[in-house]
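S.K.: pasting a predicted model and its sequence here:
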Amino acid sequence: MVRNTWIFAPEPSMRIVADVASWLARHAPRFNALSVSGYHFQEVGADAVLKLALTLANARAYVDALKVHGMHPDEACSRMSFFFGVGSDFYTEIAKLRAARLLWAEMAAACGAESVKARALRMHCQTSGWSLTAQEPENNIVRVTAQAMAAVFGGTQSLHTNAYDEALALPSAAAARLARSTQLILQYETGLRDTADPWAGSYMMESLTSDLAARVRIELAELEKRGGVLEAIESGWIKRRVQAAAAATQADVDAARQVVVGVNRFVADDRTGGHQAREVDAKLGQDGHDRGAAVVASALEDAGFDVALAPLFQQPTTIADHADAGRVDVIGISSPSGSHLELVGGLLEVLASRGLSSKIVLRGIVPDAHVPALTRMGVAAIFGPGTPLDEIVRSLCACVEATRDACRARVP
């Protein structure tokens, strides 16, 4: 729904899932095939309410499909597990996980489940990758620890803690070990796991949980009015809702209404006219994450750029075709997949062979060691995770002006 990595359309995909889960129920009854993920909704910017509603709506669609295959609701529901992301809004994240249990018990009962096992929600949680910052990455150690505590307080059965340097590159061995040790310290030194649901009875937590659950019920009712989750996917309603939420979140960060220490507040001291500018925003290779591209495109349009979003999974030649046809000033490449050296190098070669002067800027997780090579290749600017949108806009404006000045200088 948000990663853009699907192969088949929603209904055929659901049919395949139901076929596989039904076969496994008969032939491998101790293997539970379905883990319903809400992590990706959070990572692209959905708030707690929208994330829970979309995750639970997906789960209900899976149960309905399994019932059509003849599976009893008790068995269908008991085979479900859930995967949630946990962010930095500490109390809200705890309430979100508590509300998820309450709502799943209601939903399973509405689907016809009667057993306690079927109505119990089993979950795995992972700390938020989106919250990690490339600026002052050591701050991420604290973020991950607080998020892990929220997951435990919310009742997770298993937990993944991110490494603090993941906004820069693949985790180093030392960072991965520290991420594991974070869990071990919380588990063995703090007593955090000694009490189930320690927030039970707190007026603040109970009211927050109840409020979240009530708002999720409203979202679920809206999804039903739109024909269910499959129809909402087909119509594009879900994608629009998630993108709007992502843009709102990024706007709050850029305006420092949502504080990110070391990025928009408490920053370290060492942080350093004419025709409408045209930019094509593209994803090279097989990476399908497009949240960042959509948010940046929206900001550039607000700044007066004419922005074209190229389809996902492009090759250098097709991006060059877009640049040539649109006479673009800047090509924005979003590449968190680690293949930027080969793919961007290939694109620069194609542009040079066609005599195109469009500048390339790169966004994503780019190791510091790769920056000199990319600059020598001809990449005009590189923006790492957490770069404020206004900084990107200013840099691209300067890039466009420099390109046009150079073109004017060549004209006799």
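M.R.: Everything's here; your move.
S.K.: can you pull out the strands in the stretch 201-350 of the chain?
M.R.: 278-283, 306-309, 330-334 (DSSP state E, counting those that start in this stretch).
S.K.: for these, which one sits closest to T317?
M.R.: With Cβ to Cβ, the closest approach to T317 among these belongs to strand 278-283: 11.9 Å. Every residue, glycine included, has its C-beta placed from N, CA and C.
S.K.: just send the strands of the stretch 201-350 of the chain back as TSV, with distance to L184 and mean neighbour count too.
M.R.: Formatted as TSV, the strands of the stretch 201-350 of the chain follow (distance: least, Cβ to Cβ, whole Å; neighbours: other Cβ atoms under 10 Å):
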stretch	distance to L184	mean neighbour count
strand 278-283	38	24
strand 306-309	44	17
strand 330-334	36	26
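S.K.: turn the ones you listed into a markdown table, columns for mean pLDDT and distance to S37.
M.R.: Below are the strands of the stretch 201-350 of the chain laid out as a markdown table (pLDDT from 0 to 100; distance: least, Cβ to Cβ, whole Å):
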| stretch | mean pLDDT | distance to S37 |
| --- | --- | --- |
| strand 278-283 | 84 | 21 |
| strand 306-309 | 85 | 25 |
| strand 330-334 | 87 | 22 |
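S.K.: can you put those in a markdown table and add distance to Q157?
M.R.: Shown next, in a markdown table, are these (distance: least, Cβ to Cβ, whole Å):
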| stretch | distance to Q157 |
| --- | --- |
| strand 278-283 | 35 |
| strand 306-309 | 39 |
| strand 330-334 | 34 |
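S.K.: out of the ones you listed, the one nearest A175 is which?
M.R.: Closest among the strands of the stretch 201-350 of the chain, using Cβ to Cβ: strand 330-334, at 23.8 Å.
S.K.: nearest to S131, out of the strands of the stretch 201-350 of the chain?
M.R.: Of all the strands of the stretch 201-350 of the chain, strand 330-334 comes closest under Cβ to Cβ, at 18.8 Å.
S.K.: who touches that closest one?
M.R.: Here strand 330-334 makes contact (Cβ atoms under 8 Å, 6 or more residues apart in numbering) with 277-284, 287, 289-290, 292-293, 296, 319, 323, 340, 343-344, 347, 358-364, 380, 396, 399-400, 403.
S.K.: what of stretch 38-51?
M.R.: 1-3, 52, 54-55, 82-85, 87, 89, 92-93, 95-96, 126, 128-130, 212, 215-216, 219, 241-243, 245-250, 289, 291, 295.
S.K.: where does E136 sit, in terms of helix or strand?
M.R.: For E136, there is no helix or strand it lies in under DSSP states H and E.
S.K.: can you count the residues close to it?
M.R.: Around E136 there are 16 other residues, counting by other Cβ atoms under 10 Å.
S.K.: check G112 and give its pLDDT.
M.R.: Note for G112: predicted pLDDT of 95.
S.K.: run through the residues that contact the closest residue to it other than its chain neighbours.
M.R.: The shortest distance from G112 to any non-neighbouring residue, by Cβ to Cβ, 6 or more residues apart in numbering, is to P73 (3.6 Å). Neighbour list for P73: V63, K67, A108, C111, G112, A113, E114, A118 [criterion: Cβ under 8 Å, 6+ apart].
S.K.: if you set the cut-off to 10 Å instead, what comes out?
M.R.: By Cβ atoms under 10 Å, 6 or more residues apart in numbering, the contact list for P73 reads 63-64, 66-67, 108-115, 118.
S.K.: just the buried ones from the residues you listed, in ChimeraX syntax?
M.R.: One line in ChimeraX is enough to select the buried members of these, burial here meaning 16 or more other Cβ atoms under 10 Å:
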select :63,64,66,67,108,111,113,118
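S.K.: which stretches of the chain have low pLDDT?
M.R.: Low-confidence segments of the chain (pLDDT under 70): 1-5, 268-275, 285-291, 336-338, 403-412.
S.K.: break it into its domains for me.
M.R.: 10-252, 278-410 (automatic domain parsing).
S.K.: now the ones you listed in TSV, with distance to V267?
M.R.: Output for the domains of the chain, formatted as TSV (distance: least, Cβ to Cβ, whole Å):
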stretch	distance to V267
domain 10-252	7
domain 278-410	10
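S.K.: nearest to Q258, out of the ones you listed?
M.R.: Using Cβ to Cβ, those put domain 10-252 closest to Q258, at 4.0 Å.
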